[in-house]
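1. mind looking at a prediction? Sequence and model below.
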Amino acid sequence: MSAPRLETVLRSASQEVVIGHDRRFCLIGERINPTGRKVFQEQLRAGDLSAIARDVQAQVEGGADVLDVNMGVPLTDEADLLAKAITMIQELTDKPICIDSSVVEALEAGLSVYQGRALVNSVTAEDDRLAQILPLVKKHDAAIIALPNDEDEIPMEVEKRVELTRKIIEVATKEYGIAAADIVIDPLAMPIGADQTVVVTVLETMSRIRDEFGVNMTCGASNVSFGMPSRHALGATFLPMAMLAGLTSAIMDTRTPQIVEAVKAADLLLGHDEWGGAWIAAHRARQAASA
Amino acid sequence: MTPEEILQGLYDETLVGNGPRVLELTEEGLSASMEPQTLLFDALIPSLEEVGARFERGDFFVPEMLIAGKAMAGAMERLRPLLAETGVQTIGKFLMGTVKGDVHDIGKNLVNIMLEGAGFEVIDLGVQVAPEKFVSAIEEHQPDIVGFSAFLTTTMPMFKANMNALEKAGMRNDVIVMVGGAPVTQEYADAVGADGYAADASQTVKRAKALLDEKRSMVPA
């Protein structure tokens, strides 16, 4: 028997987004992130956050439902920067935010200024990480992305990932009183270029997690196509397959229409877009834009 | 096959990552009394260099680089004992690992392939390598260079933790330290006190060679 399917509720000050198995796929826009962007890093280091506005606009226009915000600039006070960025972004948009850092102090600073119900990115199955991050999630009534890997490895076996998922859910619910509905598992999508079995593994992991725990899932969609040509085609093929297996959201660059459209088409085909309302509305919007 | 044909075959088959054929040609070369170092320096290494150059230009992709590296590794397994017998020195020993807290290994593996392709002996400690593990591996293997890889801005601070562990173990001056990974910059490498940084796999090889030359020219003969 399958576990009941859960819904994760996120909020900004004025908008609610629900991630769920019978709903349209949740797009988490990923570009508000300075990693690998030298100019952006220098601006942030100098306290100039103006470039963030452009990224926010681009992700929202591309169809992001939630915005992932990462301020990992080396040799800076990440906590301070992340808090400032979140405050600024909440003035620009009413999309809920996914607060992205592995620095506990930065997560705490971000959660403290956030208005609404945030998604925290992320925790692993490592005991010390769970002990550091889960109390913050509980205290600020947030939801949490969790990765089923531990201090030793990223397990390549479906069974091991399911086991670590079970561990995370048990610790979060029993020891910290976090609802299973507020745990979003990242089943670890790896690059297909390095090993051609990894996507089958992650798809199997997704269906197992959906059926056994009913939780929502997300993943870094662009990981899969790393190091390969025609990356957009791979992303646009991977996500609909993953959606069928139980993936309910993805962290991705929504500026890629090819991938966003593939997701919207899959929403319709999987019965998550009633009467094709969203699909047709998107068509009308394109018509209007080109008129 | 003539020796020239064997060398050309080795070069071509390594380039396309045909492991079984590379191994056959290696055997064929050896049974035709070709020197192992000829096979290595006149076919395998130039081929891997070409693979790296194509990857850098965007003409080759990750799987192609990985299978070429694998094809060469297969041949090296056969040649390594013979090279040791004939007293052929590797150009240096490189100890490599992804830092603690970080499980990314594709970039590191590509760098390993390029280093081996350039004639380094590479010892790979894998991912999630704790500072004390680097220290004990340096003790055990006595490498010329140790490389720390990090893919996340949040795991980069482990470079400093590793440096401190090296200092504490009194081995900081015995080994050249290189750092790298997607978010790493020269500025960051300087800030943690590393000896070298490179932005990609082929630059790593150039930088590693230059750092070795520098160090060897400083050591009294």
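-> Done, it's in.
2. so how many other residues sit close to the closest residue to B:I45 other than its chain neighbours?
-> Leaving aside its sequence neighbours, B:I45 sits nearest to B:G117 (CB to CB, 6 or more residues apart in numbering or on different chains; 5.8 Å). In this view, the C-beta of every residue, glycine as well, is placed from N, C-alpha and C. Using other CB atoms under 10 Å in any protein chain shown, B:G117 has 27 other residues around it.
3. the chain: strands as residue ranges?
-> Since no chain was named, I'll use chain A. Assigned by DSSP state E, chain A shows strands spanning A:7-11, A:16-20, A:26-32, A:66-70, A:97-100, A:119-124, A:143-147, A:183-185, A:216-217, A:249-252.
4. switch to chain B, that's the one I care about
-> For chain B, the strands defined by DSSP E cover B:92-98, B:120-124, B:145-149, B:176-180, B:196-197.
5. and among the ones you listed, the most buried is which?
-> Among the strands of chain B, ranked by average contacts under mean count of other CB atoms under 10 Å in any protein chain shown, first place goes to strand B:145-149 (a mean of 28).
6. can you list the neighbours in contact with it?
-> Contacts with strand B:145-149, where a contact means CB atoms under 8 Å, 6 or more residues apart in numbering or on different chains, come from B:92-99, B:102, B:104-105, B:107-108, B:111, B:134, B:138, B:158-159, B:162, B:166, B:175-181, B:194, B:204, B:208, B:211-212.
7. what about the residue in the stretch 101-250 of chain A that chain B sits nearest to, distance to B:T98?
-> Nearest residue of the stretch 101-250 of chain A to chain B (CB to the nearest CB) works out as A:G227 at 2.9 Å. To B:T98, A:G227 is 17 Å away according to CB to CB, to the nearest Å.
8. ok, B:A68 next?
-> According to CB to CB, B:A68 stands 22 Å off from B:T98.
9. wait, doesn't B:D105 sit right on B:T98?
-> Yes. Assessed by CB atoms under 8 Å, B:D105 is found in contact with B:T98 at 5.8 Å.
10. what do these two both touch?
-> Joint contacts of B:D105 and B:T98 (CB under 8 Å, 6+ apart) are B:126-127, B:149.
11. with adjacent residues omitted, what lies nearest to B:V175?
-> Counting by CB to CB, 6+ apart, B:V175 lies nearest to B:V146, which is 5.2 Å off, once chain neighbours are set aside.
12. kindly report the same for A:E78.
-> Per CB to CB, 6+ apart, closest to A:E78 is A:A106, 4.4 Å.
13. same deal with A:Q43?
-> Here the residue nearest A:Q43, using CB to CB, 6+ apart, is A:A51, at 5.6 Å.
14. next one: B:M178
-> Spatial nearest neighbour of B:M178, chain neighbours left out: B:G196 (4.2 Å); criterion: CB to CB, 6+ apart.
15. and the one you found, how far from B:K70?
-> Between B:G196 and B:K70 the distance is 27 Å, computed by CB to CB.
16. centroid-nearest residue for chain B?
-> Nearest residue to the geometric centre of chain B (CA atoms, centre = their mean): B:L115, 2.6 Å.
17. how about the residues of chain A near chain B?
-> Contact residues, chain A versus chain B (CB under 8 Å from any CB of the partner chain): A:35-36, A:38, A:72-75, A:101-103, A:149, A:151-154, A:191, A:193-194, A:196, A:226-229.
18. stretch B:8-23 spans what distance, first to last residue?
-> End-to-end distance of stretch B:8-23 (CA to CA, to the nearest Å): 14 Å.
19. same deal with stretch A:168-179?
-> Taking CA to CA, the first and last residues of stretch A:168-179 lie 12 Å apart.
20. who's in contact with that stretch?
-> With CB under 8 Å, 6+ apart as the test, stretch A:168-179 has contacts from A:123, A:125, A:130, A:134-135, A:137-138, A:144, A:146, A:148, A:180, A:183, A:185, A:213, A:215.
21. neighbour-wise, which of the residues you listed leads?
-> Counting neighbours by other CB under 10 Å, A:I185 comes out on top of the contacts of stretch A:168-179 with 30 neighbours.
22. from what I see, it and A:T165 are in contact.
-> Yes. In this structure, A:I185 is within contact of A:T165 by CB under 8 Å, at 5.4 Å.
23. most proximal residue of chain B with respect to chain A?
-> Closest point on chain B to chain A, by CB to the nearest CB, is B:V62, at 2.9 Å.
24. list the contacts for that residue?
-> B:V62 is in contact with A:191, A:193-194, A:226-228, B:106, B:110, counting by CB under 8 Å, 6+ apart.
25. which of the residues you listed sit farthest apart?
-> A:M228 and B:L110 (13.8 Å; CB to CB).
26. okay, these two: which has more neighbours?
-> Legend: neighbour count by other CB under 10 Å for A:M228 and B:L110, higher for B:L110 (22 against 16).
27. now render the strands of chain A as CSV, adding mean pLDDT.
-> Below are the strands of chain A laid out as CSV (pLDDT from 0 to 100):
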stretch, mean pLDDT
strand A:7-11, 98
strand A:16-20, 98
strand A:26-32, 95
strand A:66-70, 97
strand A:97-100, 98
strand A:119-124, 96
strand A:143-147, 97
strand A:183-185, 98
strand A:216-217, 98
strand A:249-252, 97
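28. can those strands go into JSON lines with extra columns for distance to A:S290?
-> As requested, the strands of chain A are exported to JSON lines (distance: least, CB to CB, whole Å):
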{"stretch": "strand A:7-11", "distance to A:S290": "33"}
{"stretch": "strand A:16-20", "distance to A:S290": "29"}
{"stretch": "strand A:26-32", "distance to A:S290": "22"}
{"stretch": "strand A:66-70", "distance to A:S290": "27"}
{"stretch": "strand A:97-100", "distance to A:S290": "32"}
{"stretch": "strand A:119-124", "distance to A:S290": "34"}
{"stretch": "strand A:143-147", "distance to A:S290": "37"}
{"stretch": "strand A:183-185", "distance to A:S290": "36"}
{"stretch": "strand A:216-217", "distance to A:S290": "35"}
{"stretch": "strand A:249-252", "distance to A:S290": "25"}
